[in-house]
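Colleague: Here is my input; please provide its structure:
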Amino acid sequence: MTDLQNDRQNDRQNEPQITRAEIVNSAKTESQAPAAIQLDQDLGGKAAVLKFLAGKGFPVPEIMSLRAKPTTEAEWSEVLSWWSSIRQPALAVRSSAKGEDGGEQSFAGQFQSFLNINDEQTLREAVEKCFASIERVNIAAYAQATGIDVWPY
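Modeller: As a prediction, this is how the structure comes out:
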């Protein structure tokens, strides 16, 4: 194990308890059966695949999966504490709704993504806009046409 891996593992042992979000990392991911890819059904596609890959030892970025938009300062404090615990790298804020992508349909490109987020105000704005993107007309029309429920995240 490299020094960086040791540092990341030690950091993970001191993670705050997140109530409305899940921190996905390899230290807490159980081994999956080799015969089939079994993804975490409680996460959307992107987050579930990253969690799976991390569990297999692939180098993936640290992620936080928010199940609901933070609405109080206490909830924002949890997000910001997590970001601080991973040394505040530039972030990507992306959707990962459960019904967003599947074998029969794809909402590819319809939800907003925000890249290179590097300060608190921009992070707050990106999270707000990402959650708001589910209300877009094109998403509602596609969800209705396909019978897919993308809410709640």
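Colleague: where do the strands sit along this protein?
Modeller: Here the chain has its strands, by DSSP state E, at 21-24, 63-66, 91-93, 114-117.
Colleague: now the second one: mean pLDDT?
Modeller: Throughout strand 63-66, pLDDT has a mean value of 86.
Colleague: got any ranges where the chain has weak pLDDT?
Modeller: 1-38, 97-105, 150-153 (pLDDT under 70).
Colleague: Run through the helices of it in chain order.
Modeller: For the chain, the helices defined by DSSP state H cover 3-13, 45-55, 73-85, 120-132, 137-146.
Colleague: Could you single out the most deeply buried of those?
Modeller: Among the helices of the chain, the stretch with the highest mean neighbour count (mean count of other CB atoms under 10 Å) is helix 45-55, at a mean of 20. Placement of C-beta: from N, CA and C, glycine included.
Colleague: The strands of the chain: which one's closest to Gln144?
Modeller: strand 63-66 (24.9 Å; CB to CB).
Colleague: Can you list the strands that the closest one pairs with?
Modeller: When pairing is defined by DSSP bridges, strand 63-66 lines up against strand 21-24 (antiparallel).
Colleague: Could you dump the strands of the chain into a markdown table with distance to Ala126 and mean neighbour count added?
Modeller: As requested, those are exported to a markdown table (distance: least, CB to CB, whole Å; neighbours: other CB atoms under 10 Å):
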| stretch | distance to Ala126 | mean neighbour count |
| --- | --- | --- |
| strand 21-24 | 15 | 20 |
| strand 63-66 | 11 | 20 |
| strand 91-93 | 4 | 18 |
| strand 114-117 | 4 | 14 |
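Colleague: could you redo these as a markdown table and give each row distance to Asp149?
Modeller: Output for the strands of the chain, formatted as a markdown table (distance: least, CB to CB, whole Å):
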| stretch | distance to Asp149 |
| --- | --- |
| strand 21-24 | 20 |
| strand 63-66 | 18 |
| strand 91-93 | 22 |
| strand 114-117 | 24 |
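Colleague: Tell me which of those sits nearest to Val127.
Modeller: The nearest among the strands of the chain, by CB to CB, is strand 91-93 at 5.8 Å.
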